[in-house]
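Novice: After the sequence you'll find the predicted model.
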Amino acid sequence: MVTLLTGCATSSLFNPYPQQAAHWKNDLSSEEPERALRHLDRRTRGADKLLYLQERARVAQIAGDAERSQADFAEVIALYNAQDEQALVRASGAGAGIGALMVNDNALPYRGQDYERIMVHGMQAMNYWQQGDLEAAAVEFRRVTLEQQVAEERRAREIGRALEGSEPVAPASDFERELAGLNSAAADVRSSIQNAYLYYLAGVFREGVGDYNNALVDYKKAWEVNPDLTLLPADIARVEARSDRRYVTDQGLVVIAYEQGFIPPREEISLPIPTIHGYFAVAFPTYSPHQVGATSLRVAATSKGENVNGETVETRTEVATALSGMAARALREGVPGMLARQTLRATAKYEAQKRANEDLGLFGAFATQVYNLVSETADLRSWLTLPAYAQLARLELPPGEHALTLWGTGASATVEIPVTRGGITLVRVIDTGQRLHITVMPALEERP
């Protein structure tokens with residue numbers, strides 16, 4: 001008992017993960033975002049290494065250190081690949097399984113969510129693009145597409161395995177009521193895996209390098225996932241014209257990729273679960289139904305130079321992907337497995353309490369009751385520096401230099417961008433609340 005509690009005390013049992021993440025999220029809104037890296041440097045060890053590396057890679061990217069972000073994401077990808085190669089049941093994993101049964105899911109090593117793994121490849125593609133390594137960026141965008149295809153199949157298998165071998169459990173009468181907030185948060189998206197934002201960015205990249213057939217596939221996939229994204233009909237028509245050599249223009253494209261805020265943290269609720277020995281109170285993670293909504297980024301582009309009239313063109317971003325909703329839906333899809341584990345856990349704790357009472361008397365029963373109380377906490381771990389909403393906007397501008405002014409949720413900024421005839425300039429804007437972190441990606445110019 002002492003050993004299990006000591007292990008959890010150093011992770012998420014007595015120090016919930018959202019409280020840990022609050023430190024580096026606050027640093028990203030400060031004048032020294034690099035401080036967030038120092039918070040994370042000493043945490044990227046142990047069973048939750050994957051989670052902390054994802055956070056550090058994202059933080060480094062926001063802070064402008066693309067090389068460090070690239071190195072961390074490469075290690076994250078290696079960890080995911082190692083998971084794929086592991087057997088479903090390993091001798092080395094037995095201890096963690098027993099710990100999770102007798103303590104809570106925080107005793108299990110963090111394995112990541114499908115939507116997180118897909119975002120890892122998308123962000124790694126952006127790192128390579130930023131550094132001008134277009135071949136490596138193309139590889140990561142292909143992995144984005146592949147991961148979304150295989151994740152759907154993997155999710156169905158995992159849900160089936162979670163229920164396999166356990167007796168069906170009828171939730172307590174107020175179970176669905178307690179999870180109403182989770183259902184509400186998950187209702188904003190159709191899938192916890194399919195990501196229209198990353199499909200669109202892959203389409204932008206492939207269009208920019210002249211891979212029009214695959215760009216068309218990406219844009220159409222993005223439209224299938226999010227048919228409300230109004231940019232896409234024009235993008236699809238343009239790429240079809242490019243592929244047929246019917247596209248003639250004197251303008252250049254500017255795409256604004258806006259990543260707003262942070263994904264909300266999980267919250268804990270206590271629910272009664274029936275077992276053969278009666279009802280037990282168990283802790284479940286959930287999401288609040290009262291999440292902060294999406295706010296558009298206002299964009300104004302003004303031409304610069306001696307031979308231009310300084311006209312200003314304005315637009316606003318629109319939501320491509322609600323990652324907050326994807327996180328809620330992924331958690332909701334995991335409820336059957338959590339319910340099965342919680343039922344087994346409640347039964348095991350009951351048996352432990354019964355045996356302690358018989359063998360150790362009053363003291364044993366009291367100690368076991370205290371242990372059961374303090375060890376019952378929900379698993380609140382998730383990648384918390386991901387954006388709550390990923391948004392997009394597009395402008396067609398004449399070639400030359402332009403001043404791009406951006407107004408976010410709590411900050412504004414102006415940046416100069418190049419526009420080439422027939423080319424694509426991607427401007428990435430990460431809004432951390434009090435600051436806009438802006439990266440102008442290398443322009444993808446039209447090929448002869």
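Specialist: Perfect, thanks for sending it.
Novice: Mind jotting down where the strands sit in the stretch 151-300 of the chain?
Specialist: According to DSSP state E, counting those that start in this stretch, the stretch 151-300 of the chain carries its strands in the segments 252-260, 267-275, 278-286, 298-303.
Novice: of all these, which lies closest to Trp383?
Specialist: strand 252-260 (13.2 Å; CB to CB). C-beta coordinates here come from the backbone N, C-alpha and C atoms, glycine included.
Novice: Within the sheet, what are the partner strands of the closest one, with directions?
Specialist: In its sheet, strand 252-260 lies beside strand 389-397 (antiparallel), strand 424-431 (parallel), with partners assigned from DSSP bridges.
Novice: In JSON lines: those strands, plus mean pLDDT.
Specialist: Output for the strands paired with strand 252-260, formatted as JSON lines (pLDDT from 0 to 100):
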{"stretch": "strand 389-397", "mean pLDDT": "97"}
{"stretch": "strand 424-431", "mean pLDDT": "97"}
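Novice: could you dump those strands to JSON lines with distance to Glu75 and mean neighbour count?
Specialist: Formatted as JSON lines, the strands paired with strand 252-260 follow (distance: least, CB to CB, whole Å; neighbours: other CB atoms under 10 Å):
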{"stretch": "strand 389-397", "distance to Glu75": "24", "mean neighbour count": "22"}
{"stretch": "strand 424-431", "distance to Glu75": "22", "mean neighbour count": "22"}
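Novice: Which strand or helix spans Ala348?
Specialist: According to DSSP states H and E, Ala348 maps onto helix 335-375.
Novice: State the mean pLDDT of that helix.
Specialist: Taken as a whole, helix 335-375 has an average pLDDT of 65.
Novice: Likewise for stretch 215-229?
Specialist: 97.
Novice: Which positions within that stretch qualify as buried?
Specialist: Of the residues in stretch 215-229, Ala215, Leu216, Val217, Asp218, Tyr219, Lys220, Lys221, Ala222, Trp223, Val225, Asn226, Leu229 count as buried by neighbour count, 16 or more other CB atoms under 10 Å.
Novice: which residues touch the residue nearest to the fifth one when sequence neighbours are not counted?
Specialist: So the one you mean is Tyr219. Closest residue to Tyr219 apart from its sequence neighbours, by CB to CB, 6 or more residues apart in numbering: Gly203 at 4.3 Å. Counting by CB atoms under 8 Å, 6 or more residues apart in numbering, Gly203 makes contact with Ala215, Leu216, Asp218, Tyr219, Ala222, Asp235, Val239.
Novice: Between the residues you listed, which sits nearest Gln251?
Specialist: Using CB to CB, those come closest to Gln251 at Asp235, 14.2 Å.
Novice: Local confidence estimate at the closest one?
Specialist: The model's pLDDT for Asp235 equals 97.
Novice: Now for it, how many residues are close by?
Specialist: Residues near Asp235, counting by other CB atoms under 10 Å, number 25.
Novice: do you know how far it is from Tyr247?
Specialist: 12 Å (CB to CB, to the nearest Å).
Novice: cool, and Arg111?
Specialist: Arg111 is 45 Å from Tyr247, by CB to CB.
Novice: secondary structure element for Leu406?
Specialist: Assigned by DSSP H and E, Leu406 falls in strand 400-407.
Novice: and that strand, which residues are buried?
Specialist: For strand 400-407, using 16+ other CB under 10 Å, the buried residues are Gly400, His402, Leu404, Leu406, Trp407.
Novice: is the residue nearest to the second one when sequence neighbours are not counted in a bridge, and if so with what?
Specialist: With CB to CB, 6+ apart as the criterion, His402 has its nearest non-adjacent residue at 5.0 Å, and that residue is Ala301. With DSSP bridges as the criterion, the beta-bridge partners of Ala301 are Val313, Leu404.
Novice: same thing with Gln391?
Specialist: Beta-bridge partners, per DSSP bridges, of Gln391: Tyr258, Val319.
Novice: Next up, the contacts around it.
Specialist: Applying CB under 8 Å, 6+ apart to Gln391 gives the contacts Tyr197, Ala257, Tyr258, Glu259, Gln260, Ala294, Ser296, Leu297, Thr317, Glu318, Val319, Ala320.
Novice: closest to Val209 among these?
Specialist: Distances from Val209 to these, taken by CB to CB, are shortest for Ala257, at 16.9 Å.
Novice: For that closest one, which non-adjacent residue is closest in space?
Specialist: Excluding the flanking residues, the one nearest Ala257 by CB to CB, 6+ apart is Arg428, at 4.8 Å.
Novice: Leu216 too?
Specialist: Val239 (4.8 Å).
Novice: What is the burial count for that neighbour?
Specialist: Val239, neighbours per other CB under 10 Å, totals 24.
Novice: likewise Ala156?
Specialist: Going by other CB under 10 Å, the residues that sit close to Ala156 add up to 11.
Novice: What separation do you get for it and Asn195?
Specialist: From Ala156 over to Asn195 (counting by CB to CB), the distance is 18 Å.
Novice: and if you look at Thr315?
Specialist: 22 Å.
Novice: cool, Glu401 as well?
Specialist: Glu401 is 33 Å from Asn195, by CB to CB.
Novice: With Val255 instead?
Specialist: From Val255 over to Asn195 (counting by CB to CB), the distance is 16 Å.
Novice: Equivalent analysis for Gln20, please.
Specialist: 26 Å.
Novice: who has more neighbours, these two?
Specialist: Asn195 (29 against 20).
Novice: pretty sure the more buried one contacts Arg117?
Specialist: No. Contact criterion CB atoms under 8 Å: Asn195 and Arg117 do not qualify, at 10.9 Å.
Novice: Next up, the contacts around Gly112.
Specialist: Leu50, Leu51, Gln54, Tyr80, Trp383.
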